[in-house]
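[1] The sequence and its predicted three-dimensional model are supplied below.
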Amino acid sequence: MTGDFAVWVYLSRTPLLWLTVTLLAYVIADRIAQATGRHPLANPVLIAIALTAAVLETTGTPYATYFEGAQFVHFLLGPATVALAIPLYEYRATVLRALVPMLAALVVGSVVALSSALLLGRTFGIPRDVIVSLAPKSVTTGVAMGIAQSLGGDPTLAAVIVMLTGMTGGILVTPLMNALRIRDMRARGFAAGLAAHGVGTARAFQVNEVAGAFAGIALGFNAFLTAILAPIAVTFLR
Amino acid sequence: MILCLTLILLAQLIGEALARAIDLPVPGPLIGLALLLLFLVLRDRAPRLAPRVLPPALVDGRLEGTGKGLLANLSLMFVPAGAGIIGRLDVLEAHGVALAVIVLVSTLSTLAATALTFVAVSRWLAKAKPGTKPGAAS
């Protein structure tokens, strides 16, 4: 018994265990998603996160210990973002042809994302520092945290809200687009990337490569536009 | 594959350096994306020169394969950060339901507004300029 415990103590401190747990959770989640025919509700990100969090909770593992192993996976977000250039280049003709609709959708989407968060926040009587952390919720985490901090918000809260937004968008984009009868994969992908950043983009790539390429563009440009628009929008709060 | 990954990491590294140096509101990887795009454009501008100057892995489609391999597993890469979020759900507690409603309503409106604008403008353009089919590539 004490021998088993010693093995656990040793393993639980190595990156190997937590890296394996992360990959295993994802493999299981992906299998579940596949079994449901990639049903939007069976979002692999959400399932994998829930499984991992459950393991951490039951073993009482601190997040810092977990992250020592998981950081190798987390690190790949950067190179994967760079790799978005590849589908973007492959579909460059399609993308260039859709330049005007993209720019229009970018401006409208970015303004709606910001203003709806600010207006709803005010309606619900949410304190200013929380509203400010809510404003960049559709933007990729790193940028959103930076925006929230520079406006006097809480970066951690911003990161939590960004992730929740990503999940919400990733799960709801397909049923919503079906309900609106939008079949244009360019529009669907662009909306997913704009409203739900990387998580939406991951969903788009699962559905269709053209959707993925357009989601990647939306993710990039919305990060840029929101960084410019958020400080302006927040001045209307007073 | 290592060579392809090296090129991708190099693009990110230069991107991070540029983002720090000129204080852009865009994260380094997004600048890296632009740099890799530039590389691909320049590579194909010189179809005769490129295979002679560049290592084969960057010309024969292996670079594309590596990039698509990364993107196919984009979902996996959100798991570590997401698991951390579960531990910090306490920051939501004070505002719980209100924040959940705001995130839901705002995300749905953003999705709908973006996609509807895209479709409306591309239809309008197709009408103004007959001969181009809307959503022809989808």
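    Thanks, I have the structure now.

[2] mind checking pLDDT for the residue of chain B most remote from its centre?
    Here chain B reaches farthest from its C-alpha mean at residue B:94, the gap being 34.0 Å by Cα atoms, centre = their mean. Note for residue B:94: predicted pLDDT of 76.

[3] now the one 5 residues further on
    What the model reports as pLDDT for residue B:99 is 91.

[4] any idea which element it lies in?
    Assigned by DSSP states H and E, residue B:99 belongs to helix B:96-128.

[5] Any buried residues in that helix, and which?
    Neighbour counts over helix B:96-128 (16 or more other Cβ atoms under 10 Å in any protein chain shown) mark B:98-99, B:102-103, B:106-119, B:121-122, B:125-126 as buried. The C-beta positions use only the backbone N, C-alpha and C, and glycine is treated the same way.

[6] And residue B:70, which helix or strand is it part of?
    Going by DSSP H and E, residue B:70 is in helix B:62-72.

[7] Show me what the helix or strand following that helix is packed against.
    Next helix or strand after helix B:62-72 toward the C-terminus (DSSP H and E): helix B:79-87. Here helix B:79-87 touches helix A:15-35, helix A:44-59, helix A:63-75, helix A:155-179, going by 3 or more Cβ pairs under 8 Å, 6 or more residues apart in numbering or on different chains; DSSP states H and E.

[8] If we use 6 Å, what do you get?
    If contacts are counted by 3 or more Cβ pairs under 6 Å, 6 or more residues apart in numbering or on different chains; DSSP states H and E, helix B:79-87 sits against helix A:44-59, helix A:63-75, helix A:155-179.

[9] roughly how far apart are residue A:34 and residue A:47?
    According to Cβ to Cβ, to the nearest Å, residue A:34 and residue A:47 sit 11 Å apart.

[10] Please say which of these two ends up with more neighbours.
    Taking other Cβ atoms under 10 Å in any protein chain shown, residue A:34 and residue A:47 do not tie; residue A:47 has more neighbours (21 against 12).

[11] got the contact list for residue A:168?
    Residue A:168 makes contact with B:103-104, B:107 under the criterion Cβ atoms under 6 Å, 6 or more residues apart in numbering or on different chains.

[12] how does it look with 8 Å?
    By Cβ atoms under 8 Å, 6 or more residues apart in numbering or on different chains, the contact list for residue A:168 reads A:196, B:103-104, B:107-108.

[13] ok, so of those residues, who is nearest residue B:6?
    residue A:196 (30.9 Å; Cβ to Cβ).

[14] Run through chain A and note the low-pLDDT ranges.
    Low-confidence segments of chain A (pLDDT under 70): A:1-2, A:238.

[15] What pLDDT does the model give the residue lying closest to residue A:195 once chain neighbours are set aside?
    Nearest non-adjacent residue to residue A:195, counting by Cβ to Cβ, 6 or more residues apart in numbering or on different chains: residue B:110, 4.0 Å away. Residue B:110 carries a pLDDT value of 98.

[16] I'd assumed residue A:111 was in contact with residue B:110.
    No - at 9.4 Å, residue B:110 does not count as touching residue A:111 under the criterion of Cβ atoms under 8 Å.

[17] The residue lying closest to residue B:86 once chain neighbours are set aside and residue B:89: what is the separation?
    Distance criterion Cβ to Cβ, 6+ apart; nearest residue to residue B:86, sequence neighbours excluded, is residue A:53 at 4.0 Å. Noted for residue A:53: a distance of 10 Å to residue B:89, by Cβ to Cβ.

[18] Compare these two (neighbour count), which wins?
    Ranked by neighbour count (other Cβ under 10 Å), residue A:53 and residue B:89 place residue A:53 first, with 21 against 12.
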